[in-house]
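> Sequence and predicted structure, then a few things I'm wondering about:
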Amino acid sequence: RGGRGRAVVHCGGYPSFINTLNFIEITTTGNAQDFGDAISTGYGRGSFASSTRSVIGGGSGPSYNFNIEYVTISSGGGGNEFGITSGPLARRFLNGASNNTRGVFMGGHNPSASPAMAMNIIDFVEIATTGNATDFGDLNIRRSANGCCSSPIRGYTVGSQGSGPAWVSTNTIEYVTFSTRGNGIEYGSLSV
């Protein structure tokens, strides 16, 4: 909202699996403050937000999970149950993008897959409601620890740490249009 409001920082994995939520006031300087606790612990969780609600899903630590939870950004108190991510396997290193209405989780990784590799899953939720994520489409390539960003119209995913067995990374960019379901559409490439 134009540089106003709060940012909520979710969980972590080092030195141990934690479920701590912190927040900062964007217009001020200073240390983060306690927001409460998430339901699930861990790292590699994907997240996105509207102007009122932050949503976090997936992750690992100590085990992979499908859990999605949300917080109301204007208040503290910790995580609330939302639903679960879609897909045959729980995943970590998925990332998210959103407009003020719909959020998408893109990619992810689960080493239990055979062969172990990144995933091309895109699933979505309506941020103002609760419920399980629904299939949105597929990415053109499998991505893990991919960057994501968004406009009010499109969600973008860029790069990837790669996936096994060769762990080949990528510099490609693709996007989805939030208002319609469908597969990722090629946009271009990062410079490196």
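Yes, it's here. Numbers count the residues shown, from 1 in each chain.

> ok, Ser169 to Ser160 distance?
Per CB to CB, to the nearest Å, Ser169 is found 6 Å from Ser160. Backbone N, C-alpha and C define where each C-beta goes, glycine included.

> So if I had to pick from those two, which one is more boxed in?
Higher neighbour count among Ser169 and Ser160: Ser160, with 24 against 14, using other CB atoms under 10 Å.

> what are the bridge partners for the more buried one, then?
Thr170 (DSSP bridges).

> cool, and Val9?
Per DSSP bridges, the residues bridged to Val9 are Asn22.

> That one: what's it in contact with?
21-24, 32 (CB atoms under 8 Å, 6 or more residues apart in numbering).

> Arg91 against Pro111, yeah?
No - look at Arg91 against Pro111 with CB atoms under 8 Å: they stay out of range, at 10.0 Å.

> Comparing those two, which shows the higher neighbour count?
Arg91 (29 against 14).

> Direction included, what does whichever strand or helix holds Cys148 pair against?
Using DSSP states H and E, Cys148 sits within strand 147-150. Using DSSP bridges, strand 147-150 pairs in its sheet with strand 154-160 (antiparallel).

> And the contacts of the partner strand?
95, 97-99, 104, 106-107, 118, 139, 141-150, 169-178, 184, 187, 190.

> What is the burial count for Leu21?
23.

> now it: how far from Arg45?
Between Leu21 and Arg45 the distance is 11 Å, computed by CB to CB.

> Pull up the overlap in contacts between those two.
10-11.

> Tell me where the model's unsure across the protein.
The model of the chain has pLDDT under 70 over residues 1-4, 114-115, 163-167.

> Got phi/psi on the residue nearest to Thr52 when sequence neighbours are not counted?
Closest residue in space to Thr52, ignoring its immediate chain neighbours: Ile73 at 6.0 Å, by CB to CB, 6 or more residues apart in numbering. Backbone torsions of Ile73, given as degrees, to the nearest 10, read phi -60, psi -30.

> re earlier: and the contacts of strand 154-160, which are buried?
Neighbour counting with 16 or more other CB atoms under 10 Å marks 95, 97-99, 104, 106-107, 118, 139, 141-146, 148, 150, 170, 172-176, 178, 184 as buried within those.

> Please name the bridge partners of the residue most central in space within the chain.
When CA atoms, centre = their mean is applied to the chain, the residue found nearest the centroid is Gly46 (2.0 Å). Under DSSP bridges, the beta-bridge partners of Gly46 are Gly57.

> before we move on, what about Met106?
Beta-bridge partners for Met106, by DSSP bridges, are Asn95, Ile122.
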